[in-house]
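What would the 3D arrangement of this be:
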Amino acid sequence: MEKAIVLLSGGLDSATCLAIARSRNFECYTLSFDYGQRHRCELECSANIAKALGAARHSVMSIDLRQWGGSALTDDSIDVPAAQGDNVMPVTYVPARNMIFLSFAAAWGEILKARHIFIGVNSVDYSGYPDCRAAFIDSFRRTANLGTCASDEGWEWVIETPLQAMSKAEIIRTGSALGVDYSMTVSCYNPDSSGRACGICDSCALRKAGFAAAGVPDPTSYQER
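All right, here's what the predicted structure looks like:
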């Protein structure tokens, strides 16, 4: 059985990505990051999802991105805004986050001899982050091939992005068919101390719209407003 690293945030997209990898008979090693994010409740969710979906091992890497801030997710002085729906780069963008995460995944993949890395990036219903674009993923793949033993040992990385061209509704339908329990996931950028979603941030708006379009009941626990 081939091994794969699956980046698992604890959110809807990454849980679906793990389910897809498992359906393709990969032995999955899930990787989450404690990077000082405001929504740290996602780490408990990721551990539960990894167990529920049969990951061979779940690992959490600690990186303190709060040292630099620069994002509403890593700097408490920057408020998480309500969904904006425009072309402005959201303040919830964490600079180079996927580049950092993929680099760690490649390092672990070398050790495990896992040649596939799954990441739940999407270019349809997403928040406009530059590190979700197909061009970036392809560029990283080429860089990883040059910067690891792949270049000397004659193998290549495969960066799997099964959600890249899916709408949020399509992602939800796919995950539901594969048995994903979306009540275990969290998408909110600004949950309360009990883990309830704010219901108004960009990520919550995309999640709500996705369930509505998919015709699937939304199991999310939202804050009363």
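
Residue 199 contacts residue 221, correct?
No: look at residue 199 against residue 221 with CB atoms under 8 Å: they stay out of range, at 9.7 Å. Every C-beta, even on glycine, is put in place using the N, C-alpha and C of the backbone.

Can you show me the strands along this structure?
Using DSSP state E, the strands of the chain run over residues 3-7, 27-34, 57-62, 116-118, 158-160.

So which of these is nearest residue 51?
Among the strands of the chain, the nearest to residue 51 by CB to CB is strand 57-62 (7.2 Å).

Show me which residues of the closest one are buried.
Across strand 57-62, burial judged by 16 or more other CB atoms under 10 Å covers residue 58.

how far off strand 3-7 does it point, in degrees?
40 degrees (axes from the mean of the first three to the mean of the last three CA atoms, to 10 degrees).

outside of the longest helix along the chain, which residues touch it?
Scanning the chain for the longest helix, with DSSP state H as the assignment, gives helix 97-112. Helix 97-112 has contacts (CB atoms under 8 Å, 6 or more residues apart in numbering) with 3, 5, 7, 29, 31, 33, 35, 59, 61, 63, 65, 114-117, 119, 121, 129, 131-132, 136, 140, 144, 148-149, 157, 159.

Show the contacting residues for the residue lying closest to residue 151 once chain neighbours are set aside.
Computed as CB to CB, 6 or more residues apart in numbering, the closest residue to residue 151 that is not its neighbour in sequence is residue 145, at 6.1 Å. With contact taken as CB under 8 Å, 6+ apart, residue 145 is in contact with 151, 156-157.
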